[in-house]
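Participant: the following block contains a protein sequence and its predicted model.
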Amino acid sequence: MTRSRKWSLPTVLASIALVVSACAGNVPAASSSAPSVASVAPSAAAGSGSPAGSASASAAAFTPTSYPTTAVDCANPPKYTSGSNSATYAGIIGQIKAVDRLTVEFDLCAADVAFLSKIAFSSNNIQDSDWLTAHAADKSIVHDAINGTGAYQVKEWVPGDHVTLEANPNYWGDAPKSPTVVVKWSKEAAQRLQELQAGSADGIDNVGTDDFATVQNDPDLQLLPREALNVLYLGLNVDKAPWNNEKVRQALAMGIDRGRIAKNFFPAGSEAADFFTPCAIPLACGGDKWYEFDAAKAKQMLTDANFDFSKTYDFHYRTKVRSYLPSPTQVATDIQDQLQTNLGIKINLVVEKDDTFLDDQARGKFPMHLLGWGADYPDVTDFLDVHFGKGANAGFGKKFSDITEPLAAGAAEADQTKRAADYSTANTNIRTHVPMIPLVHGGSATAWRKDVQNAHSSPIGSEFLAVMTPGDRKQLVWVQNSEPSGLYCGDESDGDALRICEQIFDSLYAYKVAGLDPVPALATSCDPSADFKTWTCKLRDGVKFQKGGDLDANDVVASYAAQWDVKNPNHKGNLGTYDYWPALFGGCLNPGFDESGSQSCAVSK
């Protein structure tokens, strides 16, 4: 196995450099020529804007809003209590305000050098404020009332079968190359490949481990690998016995042969994990490497910790294929076998439902589970803060201050040397406490018919279908791993839903096609103050929502407020977990409390 290449420091700083350069927002003008893959944003080819005179008319009627009306006092943040639980507001946002019709200001309580990458993520897409108010309460916004600004709009959603997207005639950017996209799904890699070989699909996600060579040797197909910017891990809830004993968790970390899993169940480009974050991510791999495999020593550690070998322990997983887990049942079974053979631990495999697994995991339901994570943007915060920071969910149980504190410091630090030291400390302490065991960074690939122009694999799984031309066909058929659970992606955390959202909606920024750099989308620029605590975004003029309504700054305020404040009337969502908001921005206003007593953005149940 070879390690993925690292980005050089200049490239590392590219997303931060956009703060002082690309945040100025030089966006290509609309063009009829095909965009070059990896050179433009999904929606970066701007249209000419609104007709003359309309802007001034709209501006005259505009009344700016702020959320909350009175900004959070960052020096004395709000305190929340519920029964015996209490917490202080953990978020980094103090207020979001519409300055004028096309200007939004984000006032932060702490510097955030990864802000552009965060607002580019698909969970932060912008909704029409009136539409949100009309359709959030009854949750129709999740499945039926879909109203974005993106290149495609939903034509039909046939549950269990497909979603059909049609070109948005009022799209502000270049018209999609294919007028229709049909999204289908299958859990089985073999079935996805059969559809591609038969010509009933134009592209498929996550080529099976044993099918890479098949695709490469087929003259009618093309294989496009992804860099292994992900991690598969074995999660442990540190509040639940017997995994509430740190010595037991350390023994497990030492008793699993990660190299065996990477070698036997993953494709080329995969490697056993020495750290939670892939080392291709800048500053990811400082501190102590993970435990070397030593079954004898691990078994003795369990004995010394008085581990109860007589019991059988549940291990929860789902069968949904992901780039970090191409063979879920085989990997889960191998871990079961290793724990029995290496350590004498009896394991019962529990298959969970795909549509509730992530929600249950986020609420800390599982003592032991198998899950993974793929990069959303190339910064350590996307891996470490999301899983171990103050805003992380309850999947691993209680949080550890010697992890959350260096993570908070690193997220607010622009000096790369100081950031590196913070993340080295966090990595070493994650290794000590073992809230999870990093197993594999998994290679993956998409595959396409040979005549699909501008086909690409996104390193973060956000393939942008509007730039692709499917030969001489009038529709592009894409087969992914699963059906989306919903398309209100402020409250989705599954990649198959998020990818479809990216075709329908836009965020203030986007990621370059087939790339990682954040570039302007609905905002033409987002500029920081000198201390990185205030970000001012200028919106693109003349953008229309698919079902009516013109984009303005109040739409941005309302879209963010619906996720941010648990008591906001539009904070309904799908399952109501809202995992991404606290992971990206630290915490919510008026939070609830999870099973460990930590504050949570989830809708109260």
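Facilitator: All right, it came through fine.
Participant: helix or strand: which one has P438?
Facilitator: Taking DSSP states H and E as the criterion, P438 maps to strand 436-441.
Participant: just the residues contacting that strand, thanks.
Facilitator: 4, 228-236, 252-253, 256, 258, 261-262, 266, 270-276, 278, 290, 324, 387, 396 (Cβ atoms under 8 Å, 6 or more residues apart in numbering). C-beta: built from backbone N, CA, C; applies to glycine.
Participant: cutoff 7 Å now
Facilitator: 228, 230-236, 252-253, 256, 258, 261-262, 266, 270-273, 275-276, 278, 290, 396 (Cβ atoms under 7 Å, 6 or more residues apart in numbering).
Participant: select from the residues you listed every entry located in helices.
Facilitator: L252, A253, R258, I261, A262 (DSSP state H).
Participant: my read is that the third one contacts F275, right?
Facilitator: No: the pair R258 and F275 does not pass the contact test of Cβ atoms under 7 Å, sitting 11.6 Å apart.
Participant: before we move on, the earlier item: distance to H441 and pLDDT added to the ones in helices among the contacts of strand 436-441, as JSON lines?
Facilitator: Formatted as JSON lines, the ones in helices among the contacts of strand 436-441 follow (distance: Cβ to Cβ, whole Å; pLDDT from 0 to 100):
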{"residue": "L252", "distance to H441": "19", "pLDDT": "98"}
{"residue": "A253", "distance to H441": "17", "pLDDT": "98"}
{"residue": "R258", "distance to H441": "10", "pLDDT": "98"}
{"residue": "I261", "distance to H441": "11", "pLDDT": "98"}
{"residue": "A262", "distance to H441": "8", "pLDDT": "97"}
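Participant: just the buried ones from the residues you listed, in ChimeraX syntax?
Facilitator: With 16 or more other Cβ atoms under 10 Å as the criterion, this ChimeraX line picks the buried residues out of these:
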select :252,253,258,261,262
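Participant: dump the residue contacts of D555.
Facilitator: Counting by Cβ under 7 Å, 6+ apart, the residues that D555 touches are I126, Q127, D128, S129.
Participant: re the thing from before, each with direction, which strands does the helix or strand just after the strand holding P438 pair with?
Facilitator: Using DSSP H and E, the helix or strand that follows strand 436-441 in sequence is strand 444-449. In the sheet, strand 444-449 lines up against strand 203-204 (antiparallel), strand 221-226 (antiparallel) (DSSP bridges).
Participant: tell me the most buried of the ones you listed?
Facilitator: strand 203-204 (a mean of 28; mean count of other Cβ atoms under 10 Å).
Participant: what about A562, neighbour count?
Facilitator: 26 (other Cβ atoms under 10 Å).
Participant: go on, the one 5 residues further on?
Facilitator: Under the neighbour criterion other Cβ under 10 Å, K567 is assigned a count of 11.
Participant: ok, now the one 10 residues further on?
Facilitator: With neighbours defined by other Cβ under 10 Å, the count for T577 comes to 22.
Participant: so it touches A602, yeah?
Facilitator: Yes: counting by Cβ under 7 Å, T577 touches A602, with 5.1 Å between them.
Participant: now do the helix or strand containing D130, average pLDDT.
Facilitator: In this assignment (DSSP H and E), D130 forms part of helix 129-135. The average pLDDT within helix 129-135 is 98.
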